[in-house]
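1. okay, sequence plus prediction incoming.
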Amino acid sequence: MASILAFAGSNSSTSINYELVKYTVSKIKNIPVRQLNMAHYPFPMYSEDLEREKGFSNSLVELSKDIKKSAGLIISVNEHNGNPSAYFKNLIDWLSRLDRQFMDGKKVLLMSTSPGRAGGEHSLTKIQDTIPRFGAEIVATFSLPSFGRNFSTEDKKITDNGLREEHQEALDRFLKEV
């Protein structure tokens, strides 16, 4: 049976993108999902010197294997100053050094959220342009603007009806492909 790996591009313990991932995973029935909290996956800043001296960490190798074993990925990318976080860019750098096609054949639901009205759109667009180089097939995207206004952390759901429907449609498109 197909399985899904879900995580946020943030290593923050209070990541709103991870909140969006957890909400999305809660909507999936009948497909096994492995949800990763990247706050538990520290990776040093990539450098060729570090790669040559120390190679690849066990946690990086295991993450790469988990990506390869999955049929689909749910990723929610955060945004820092209009760009993907340094953490997520660093993660991509490490994974691509281990295997350039680390996402080969993976169906992806790519999401983002932010406190602002743009909902992390700049980061989403940049990652949408980037990860197909590593074999990913992005089958759906979703951006949640103004997280604090449109998501209830108490009820753990998207509160705006239109955005909730848009999210469900993106998730349904993704699940049809997995």
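-> Great, that's in hand. These numbers come from a predicted model, not from an experiment.
2. check which helix or strand residue 52 maps to.
-> helix 48-54 (DSSP states H and E).
3. same check on residue 62?
-> Using DSSP H and E, residue 62 falls in helix 58-69.
4. what element comes up after that helix heading to the C-terminus?
-> strand 72-77.
5. returning to that earlier point: give me the mean pLDDT for the helix holding residue 52.
-> Mean per-residue pLDDT for helix 48-54: 97.
6. how about residues contacting that helix?
-> Outside helix 48-54, the residues within contact range by C-beta atoms under 8 Å, 6 or more residues apart in numbering are 44, 97. Every residue, glycine included, has its C-beta placed from N, CA and C.
7. dig out what the residue most central in space within the chain forms beta bridges with.
-> Nearest to the mean C-alpha position of the chain, counting by C-alpha atoms, centre = their mean, stands residue 75 at 1.7 Å. Here residue 75 sits in beta bridges with residue 7, residue 110, as judged by DSSP bridges.
8. so who does it touch?
-> So residue 75 contacts 6-9, 21, 108-111, 127 (C-beta under 8 Å, 6+ apart).
9. for the protein, which spans come out with low pLDDT?
-> Counting by pLDDT under 70, the chain has low-confidence residues at 1.
10. who's sitting farthest from the centroid in it?
-> Quick read of the chain (C-alpha atoms, centre = their mean): farthest out is residue 53, 29.1 Å.
11. return the distance of the residue nearest to the centre of the chain relative to residue 83.
-> 16 Å (C-beta to C-beta, to the nearest Å).
12. kindly check the end-to-end length of stretch 5-23 for me.
-> One end of stretch 5-23 sits 14 Å from the other (C-alpha to C-alpha, to the nearest Å).
13. flag every buried residue along it.
-> Within stretch 5-23, the residues that count as buried by 16 or more other C-beta atoms under 10 Å are 5-11, 15-23.
14. which helix runs longest in this protein?
-> Longest helix in the chain by number of residues, with DSSP state H as the criterion: helix 161-177.
15. what's the angle from it to strand 72-77?
-> Going by axes from the mean of the first three to the mean of the last three C-alpha atoms, to 10 degrees, helix 161-177 is angled at 150 degrees with respect to strand 72-77.
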